[in-house]
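Enquirer: Sequence first, predicted model second:
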Amino acid sequence: NSKIKQNTPGWCDLGSQIAPIDKITSPIDRSMGDVHAAGNPHYSLSLKQMRLTLNYLTQRLSDLMPEQKNFFVANKESLDLKLKNIDEKISKKFELIKQKNKGSLKISQYHKEFSYLLKDYAIIEGVAIEEKPGISPSAGRVLQVAAQIKKDSIDLVVATDDAPISTLEKLKERFGGSDG
């Protein structure tokens, strides 16, 4: 669609408003998996990062539909307040968990989709189950990760619905985790 191509009025890249993590500065090739040179693109699970995009989004929409600017601004302000309040509640809950857990919380993830969220709440990011992004781990990798999870005393392993259940089950069997 030519109306939403880069450098056109319809282009809206929310990622341009965030400080990306895990940027790759070395040469990239397919053997590295599904990597992103510009950094980890999974910022949308971070309320803090999403709040950073609101002004830009409001401006882009207002540029396209100037007659709706007041509507966009009001909704941006409302959404920003809602996200701020949710963020404060989540922060308090994580702090309570950390207090009960000797001051820290360690989480491993299947794919590095939660990295911004973990960073937001000063949660220690454990070993990722995928060795290479987008490539299912081998049985050997699962065993290696299970050992690392035990060694590092990881408190929780998280994954989204699209992570392979069989891999997660094998990992759970190895380190004695439970569904939660």
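Expert: In hand now; what should we look at? Numbers count the residues shown, from 1 in each chain.
Enquirer: use CA for all of it now, contacts and neighbours both
Expert: Will do.
Enquirer: Against residue 61, how distant is the residue located most distally from the centre of the chain?
Expert: Most distant from the centre of the chain: residue 67, at 34.5 Å, with distances by CA atoms, centre = their mean. Computed with CA to CA, to the nearest Å, the distance linking residue 67 and residue 61 is 10 Å.
Enquirer: now the lowest-mean-pLDDT helix or strand in the chain: how far from the chain's centre is it?
Expert: The weakest-scoring helix or strand in the chain, judged by mean pLDDT, DSSP states H and E, is helix 165-175 (a mean of 86). Distance of helix 165-175 from its chain centroid, counting by CA atoms, centre = their mean, to the nearest Å, is 22 Å.
Enquirer: element containing residue 111, please.
Expert: Using DSSP states H and E, residue 111 is not contained in any helix or strand.
Enquirer: isn't it right next to residue 133, touching?
Expert: Yes - proximity of residue 111 to residue 133 meets the contact threshold set by CA atoms under 8 Å, at 6.5 Å.
Enquirer: What residues are bridge-paired with the closest residue in space to residue 154 that isn't next to it in sequence?
Expert: Distances taken as CA to CA, 6 or more residues apart in numbering place residue 106 nearest to residue 154, at 5.0 Å, with adjacent residues excluded. Beta-bridge pairing of residue 106 under DSSP bridges involves residue 124.
Enquirer: State the distance from residue 106 to residue 151.
Expert: In terms of CA to CA, residue 106 sits 12 Å off from residue 151.
Enquirer: the more surrounded of the two?
Expert: For residue 106 versus residue 151, neighbours defined as other CA atoms under 10 Å are more numerous around residue 106 (20 against 9).
Enquirer: Let me see the contact set for that one.
Expert: Residues counted as contacts of residue 106 (CA atoms under 8 Å, 6 or more residues apart in numbering) are 123-126, 153-156.
Enquirer: Residue 163 too?
Expert: Counted by CA under 8 Å, 6+ apart, residue 163 has contacts 110-111.
Enquirer: what about it, which helix or strand?
Expert: Applying DSSP H and E, one finds residue 163 in no helix or strand.
Enquirer: Now do the contacts for residue 58.
Expert: Neighbours of residue 58 in contact, by CA under 8 Å, 6+ apart: 69, 72-73, 76.
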